[in-house]
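Undergrad: Output the structure for:
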Amino acid sequence: MSDARHDGGQPQFRAFDDVDDLHAVLSSEIAARLTDAVAQRGRASLVVSGGTTPGALYDRLARCAAPWKDVEITLSDERWVDPKSEQSNEKLVRSRLLTASAAAARLVPLKTPHMHAVDAEVDVGTAIAAMPRPFDVALLGMGADGHTASLIPGSAGLARALDRNDLALVRAIDPPPASGMGPRITLTLRALLDARWIVIFIRGEEKRAAYRRALSGRDILAAPVRAVLQQTGVPVSVFWSL
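TA: Residues are numbered from 1 along each chain as shown. Got it, this is the predicted structure:
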């Protein structure tokens, strides 16, 4: 493992030769922060991501000792699909994280029975607002296109979701039709940055190259993850492995 901090106050980059080592270190650090939060404030909150990368991390985190009954968990974003769908981030979290010791935690889902994500913004935003905030940990992913959560380049609703002056905590997002990604709901940039520690977990050389590109440019609409990586108000750690 190697740790490096870029000049200019940029994120801490933590590279691991072995992904199992990454899982062990990151799960331990998340559990420790949640434990400290409960000890200090009585409750803790955790934002987690979906996709294919974090499943094995969640298996490990679920077995960590932490005061899970006092922890509230939500998602950075969600596809607007049935929670039982294989495409559902909620299903991933329920099956891989809310097990073992972590089964005692409470999940605040983003998917509702509303037909359209835009119709759920108020209800979901109210539920997120009731969680302990700032979030103690926000665990995010990053796409090779520079997206994080469902802040996806070219999407309808993206500019509004990135507007830190917008008071909303969640917004509906409609990715470009050619992407095949489908409608979603996402925590807004304002919500994501209301955190004590942000982690971006990525794997592979393609993602590492995308991370480097995100550090060098300024256009957040072209690569929304820049809005997280280039801000200086919240500490950000990037965990990477092949």
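Undergrad: Test of understanding: give the bridge partners of the residue most central in space within the chain.
TA: Per Cα atoms, centre = their mean, the C-alpha nearest to the average position across the chain is that of L140, at 2.9 Å. Taking DSSP bridges as the rule, L140 bridges to I200.
Undergrad: Surely A66 is in contact with A31?
TA: Yes. Taking Cβ atoms under 8 Å as the definition, A66 is a contact partner of A31 at 4.3 Å. Glycine gets a C-beta too; all of them are placed from N, C-alpha and C.
Undergrad: distance of the residue nearest to R184 when sequence neighbours are not counted from G141?
TA: Closest residue to R184 apart from its sequence neighbours, by Cβ to Cβ, 6 or more residues apart in numbering: S150 at 4.1 Å. Distance from S150 to G141, counting by Cβ to Cβ, to the nearest Å: 11 Å.
Undergrad: swap in I200?
TA: Taking Cβ to Cβ as the measure, I200 falls 7 Å from G141.
Undergrad: what residues are shared contacts of the two?
TA: T148 (Cβ atoms under 8 Å, 6 or more residues apart in numbering).
Undergrad: Test my guess that the residue nearest to R184 contacts I173.
TA: Yes. S150 lies in contact with I173 (Cβ under 8 Å); the separation is 4.7 Å.
Undergrad: For the chain, just list every one of the helices.
TA: Using DSSP state H, the helices of the chain run over 19-41, 55-62, 89-96, 121-129, 158-162, 189-192, 205-216, 226-229.
Undergrad: Need those helices in a markdown table (columns: distance to L107, mean pLDDT and mean neighbour count).
TA: Formatted as a markdown table, the helices of the chain follow (distance: least, Cβ to Cβ, whole Å; pLDDT from 0 to 100; neighbours: other Cβ atoms under 10 Å):
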| stretch | distance to L107 | mean pLDDT | mean neighbour count |
| --- | --- | --- | --- |
| helix 19-41 | 14 | 98 | 17 |
| helix 55-62 | 12 | 98 | 19 |
| helix 89-96 | 7 | 98 | 20 |
| helix 121-129 | 11 | 98 | 17 |
| helix 158-162 | 22 | 98 | 19 |
| helix 189-192 | 17 | 98 | 24 |
| helix 205-216 | 27 | 96 | 15 |
| helix 226-229 | 23 | 98 | 22 |
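Undergrad: Tell me who's in contact with the residue nearest to T99 when sequence neighbours are not counted.
TA: Of all residues not flanking T99 in the chain, A62 sits nearest, at 4.8 Å (Cβ to Cβ, 6+ apart). Shown in contact with A62 (Cβ under 8 Å, 6+ apart): R96, L97, L98, T99, A100, S101, A102, A103.
Undergrad: now swap in A31 and tell me
TA: A31 touches L61, C64, A65, A66, counting by Cβ under 8 Å, 6+ apart.
Undergrad: Same check on L107?
TA: By Cβ under 8 Å, 6+ apart, L107 lies in contact with E72, I73, T74, E90, V93, R94, L98.
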